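**Q** pasted the sequence and its predicted model underneath.
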Amino acid sequence: MLDNLEELESRFVDLERRIADPEIISNRVQYTKVLKEHGSLTRLIQAYRKFKETRRQRLENEELIAESDGELKEMAEIEGAELVRSEEELMGQLRDLLLTKDDDSDRNAIVEIRAGTGGDEAALFVGDLFRMYQRFAEKRKYKVDVISHCETELGGYREITFSVEGKDVFRVLRYESGCHRVQRVPQTESSGRIHTSAVTVAILPEAEEVEVEIDSNDIRVDTYRASGPGGQHLNKTDSAVRITHLPTQIVVSIQDEKSQHKNRLKAMRVMRSRLYEKKMAEQIAERSRNRKSLIGSGDRSERIRTYNFPQNRVSDHRIHLDVYDLENVMLGSLDRFIDALLEHDRKLQLENLGGDLLSDGGA
């Protein structure tokens, strides 16, 4: 672990050099990237340098204790106990900072909810989940902005995409990615049979323009006429926009705005976030290849939660948590799940850090 921190400190020194490089300064995109990476490492490196200095002082003090006696030894032992406490506190800080070093926790999020198996009932549940997250966001003082939606005749959504802005939004919502299953009697079911439907949720960290460069030659932009439920036309102009990223074949379609220009801006916003998520997922997969996997891969096919209406139960399958308070959960009371997921993930990440900082490098 200390070897890893040494590498990060070397990277930090290199970033400081690059920040002062006139060639980097003249390139806005590169300069912004360097500043952002430097800022993300600053607290960690400051804590690591303080940890190294405290450890050095403790080791020197132990030598003094071994070579002294009487009052001098007593004073050195008192100082040594304080240095040990400081070193342990700094170790805890380093652990916390290492857990979030590669994290996107402070980012806003783009949320995509899509109907899966279950037809109209799945589409209705997309609407239920959207309102659940909307109410949760209101409680947290987050801002929600609908980017696009495709409504059904029964009032549900085939899909809906919206942004959530606020403090640590992605950190809070990231574990909502996956397959959400609902078990209930549909409104259209006359015999009272319970149906099981599925909805997929994707939580994307919102990427800034300077972080994801999209070559104009790598995208194809198609325009078409926007339509509503049942094929009803929303307007008579080709305002809807479909953008295809040719290298990855990622497709984003937006038709909510009457202005083609506004739809294109929204589509590029979502495209940047999807490309950023893909890049981060590849990096995480590479780092985690020989390590324990953390909870939730973010795979949209992974079943993470079931909402059982007849039993008034919501079950999170990753942490085996059952909450018999479905009505309040659907009203946005997600804190029990989110807090438990954050704590469980923290424990797994601490295990993955491996060993104790004080035993790494030796006393």
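**A** Looks like it arrived, so ask away.
**Q** C-alpha from now on. contacts and neighbour counts both.
**A** Noted.
**Q** list the buried residues in the helix or strand harbouring residue 36.
**A** Per DSSP states H and E, residue 36 falls inside helix 28-67. Neighbour-count burial for helix 28-67 flags 30-32, 34, 38, 40-41, 44-45, 47-48, 51, 54-55, 57-58, 61-62, 64-65 (criterion: 16 or more other CA atoms under 10 Å).
**Q** name the helices or strands packed onto whichever helix or strand comes after that helix?
**A** Counting by DSSP H and E, the next helix or strand C-terminal to helix 28-67 is helix 70-99. Packing partners of helix 70-99 (3 or more CA pairs under 8 Å, 6 or more residues apart in numbering; DSSP states H and E): helix 28-67, helix 335-353.
**Q** rerun that using 7 Å as the cut-off
**A** helix 28-67 (3 or more CA pairs under 7 Å, 6 or more residues apart in numbering; DSSP states H and E).
**Q** sorry, back to before: give me the mean pLDDT for the helix holding residue 36.
**A** Averaged across helix 28-67, the pLDDT comes to 89.
**Q** which other helices and strands contact that helix?
**A** Here helix 28-67 touches helix 2-19, helix 22-25, helix 70-99, going by 3+ CA pairs under 7 Å, 6+ apart.
**Q** so the last one versus helix 335-353, what angle?
**A** Relative orientation of helix 70-99 with respect to helix 335-353: 120 degrees, computed using axes from the mean of the first three to the mean of the last three CA atoms, to 10 degrees.
**Q** residue ranges in the stretch 151-300 of the chain under the pLDDT threshold?
**A** 188, 190, 209-210, 227-237, 283-300 (pLDDT under 70).
**Q** just the CA trace of stretch 320-328, in CSV.
**A** Written as CSV, here are the backbone C-alpha positions of stretch 320-328 (Å, rounded to 0.1, in the frame of the first residue of the first chain):
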residue,chain,number,x,y,z
HIS,A,320,-30.1,-9.2,2.1
LEU,A,321,-32.1,-6.3,3.6
ASP,A,322,-35.9,-6.5,3.8
VAL,A,323,-37.9,-3.4,4.7
TYR,A,324,-41.6,-3.9,5.4
ASP,A,325,-42.6,-0.3,4.6
LEU,A,326,-43.1,-0.2,0.9
GLU,A,327,-45.4,2.8,0.8
ASN,A,328,-42.9,5.1,2.4
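**Q** in that stretch, what counts as buried?
**A** residue 326.
**Q** name the residues that touch it?
**A** With CA atoms under 7 Å, 6 or more residues apart in numbering as the test, stretch 320-328 has contacts from 312, 313, 314, 315, 316.
**Q** count of neighbours near the last one?
**A** Applying the criterion other CA atoms under 10 Å, we find 17 residues in the vicinity of residue 316.
**Q** list the contacts for it?
**A** Residue 316 sits in contact with 304, 305, 306, 322, where contact means CA under 7 Å, 6+ apart.
**Q** try the second one
**A** By CA under 7 Å, 6+ apart, the residues touching residue 313 are 307, 322, 323, 324, 325, 326.
**Q** from those residues, which land in helices?
**A** Taking DSSP state H as the definition of helices, the contacts of residue 313 contribute residue 326.
**Q** what's residue 193 sitting at in phi/psi?
**A** Main-chain dihedrals, residue 193, degrees, to the nearest 10: phi -80, psi 140.
**Q** over to residue 200. Which of the three states is it?
**A** strand (DSSP: H, G, I helix; E, B strand; the rest coil).
**Q** so it makes contact with residue 179?
**A** Yes - Residue 200 lies in contact with residue 179 (CA atoms under 7 Å); the separation is 4.5 Å.
**Q** helices of the stretch 201-350 of the chain, start to end?
**A** 260-287, 326-330, 335-353 (DSSP state H, counting those that start in this stretch).
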